[in-house]
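Colleague: Give me a 3D structure for the following:
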Amino acid sequence: MKKEVKTSVDGLEVGMYVARLDRPWLKTSFALEGLAIRSNEDIDKLRKFCHYVYVDTEQGSSPDPRFWIVREGAKTYKTTSRPVSASNPAVVSEVDDECTRLRKKQYHDVKPIKEEMQAAQDAHGRLQDDLCTVMNKLSKTNEFDYEALNKSISVVVDSIIRSPGAMMLVIKLKQFDDTTYCRALGTSVWCATFGRHLGLEKSSIELLALGGLLLDVGKRDVPVDLLHKTGKLAEEEYKTLQGHVDHGVRLLSKSSSTAGTSFDDRLPMEVSQMVATHHERADGSGYPQGLKNDEIPIFGRIAGIVDSFDAMTNPRPYSSEDPLSPHEAIAELYDLRGKLYQPELVEQFIQTVGLYPTGSLVELSSGEVGAVIAINGLRRLRPTVMLLLNSNKEPLEQFHLVDLSQTDEDLSVATALPYGAYGIDMKEVFL
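Modeller: Reported below is the predicted structural model:
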């Protein structure tokens, strides 16, 4: 099935593929059904006939989410800056070729979230236990037995392949648990879910999951008081914190297995690259090497986007600002596309998690308020929402679920809300 996004014609760019119009093709001057936009003239021609179109995101680039039409009458917002690649067909072609090369499979949900939830919780718990065991052993013996994680990672990835929404909900539920290695487990799940969306082989998805677990392993060599310091870090403190990347790479390369084999010979290259480059940025402003664009390995670029999203949506002791809502984090990543992050990968990540990711607080067209608990496959703009407030913004006596993908089109998400809106404590909602 095609992956289509309904978008205003104001959001069209060279490199997109228009699959459908807001009217029959026969009522326009286009000779064929379906249009690959190759010039601004194509866009001007579409603008003469249409108010909105349906863009096929598998045959071309994706529109700016702020131009997506969630419901009739919804506002779209023009953005002031456009990435270079969006207006350069040669660059669009080059990065699209990369995404095409990555795609080996096409996955479909084979279980509803409700049926997969118990298996997802069990898989998450098993991976958490195994990770604690491996990290404790590493601390005591300086030996890292990553093979001890292989089985539990495989089980987690199997669950994500069957029904990614279940594991996404599990990590949202665990976000407020203060459990050991919560951030690492969350990043691992997001990396694997992103890999599934990109169509990677299961073995590659497992490498992304392992890399996600180990991104910050070097923080064990950063002073504990610095990791938990509240308030803004001084310049020297920030440099010390940045050193966790080099600590992690050194730690893993010097570790040895119980059999005495060099860890560097055993750890897959892609995982090492993720640990070494997840703080590099497309414009060269990252660390530790200041790499740019495709100098950063593809798994490192993926890890950079995922790690940033996870950091934005989780509290940090040295920041006085509240964490962003998932929807706000998506908007922030989009604003930074073409600057800190590869635009096309940001677009693919947004398609992975949806414009209203799990955990987003939203107001419906009915005036009711709820929390997104699941993204619905091919209808990412119509998630499953747990209703918390009625249309008068009064707490409901009993929360209940609404699957917008199964409701009348008149009921839809009207807008995303910041955390804390109407006095809602998201920690209480998900505990």
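
Colleague: per-domain residue ranges of the protein.
Modeller: Using automatic domain parsing, the domain parsing of the chain gives 4-87, 113-353, 361-430.

Colleague: For the ones you listed, state which one has the densest average packing.
Modeller: Stretch with highest mean neighbour count among these: domain 113-353 (a mean of 19; mean count of other C-beta atoms under 10 Å). Backbone N, C-alpha and C define where each C-beta goes, glycine included.

Colleague: what pLDDT, on average, does it get?
Modeller: Taken as a whole, domain 113-353 has an average pLDDT of 88.

Colleague: Which residue would you name as the spatial centre of the chain?
Modeller: Geometric centre of the chain, nearest residue: Phe349, 4.5 Å, by C-alpha atoms, centre = their mean.

Colleague: In terms of helices and strands, where is the spatially closest residue to Tyr181 that is not a sequence neighbour?
Modeller: Computed as C-beta to C-beta, 6 or more residues apart in numbering, the closest residue to Tyr181 that is not its neighbour in sequence is Leu131, at 5.4 Å. Using DSSP states H and E, Leu131 sits in helix 113-141.

Colleague: other SSEs contacting that helix?
Modeller: Counting contacts by 3 or more C-beta pairs under 8 Å, 6 or more residues apart in numbering; DSSP states H and E, helix 113-141 packs against helix 147-162, helix 164-174, helix 182-197.

Colleague: just how off-centre is it within its chain?
Modeller: When distances are taken as C-alpha atoms, centre = their mean, to the nearest Å, helix 113-141 is centred 21 Å away from the chain's centroid.

Colleague: Then stretch 384-401?
Modeller: How far stretch 384-401 lies from its chain's middle: 27 Å, per C-alpha atoms, centre = their mean.

Colleague: Could you export it as CSV, CA atoms only?
Modeller: Output in CSV follows, covering the C-alpha atoms of stretch 384-401 (Å, rounded to 0.1, in the frame of the first residue of the first chain):
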residue,chain,number,x,y,z
THR,A,384,-5.1,6.1,19.1
VAL,A,385,-5.8,8.6,21.9
MET,A,386,-6.5,8.0,25.6
LEU,A,387,-9.1,10.7,26.5
LEU,A,388,-8.4,12.6,29.7
LEU,A,389,-10.6,15.7,29.6
ASN,A,390,-14.0,16.3,28.2
SER,A,391,-14.9,19.2,25.8
ASN,A,392,-15.2,21.5,28.8
LYS,A,393,-11.7,20.6,29.8
GLU,A,394,-13.0,18.8,32.9
PRO,A,395,-11.3,15.5,34.0
LEU,A,396,-13.1,12.4,32.9
GLU,A,397,-14.1,10.0,35.7
GLN,A,398,-12.8,7.1,33.6
PHE,A,399,-10.3,7.4,30.8
HIS,A,400,-11.2,5.7,27.5
LEU,A,401,-9.6,5.0,24.2
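
Colleague: so how far is Ala234 from the residue nearest to the centre of the chain?
Modeller: In this view, Phe349 and Ala234 are 32 Å apart by C-beta to C-beta, to the nearest Å.
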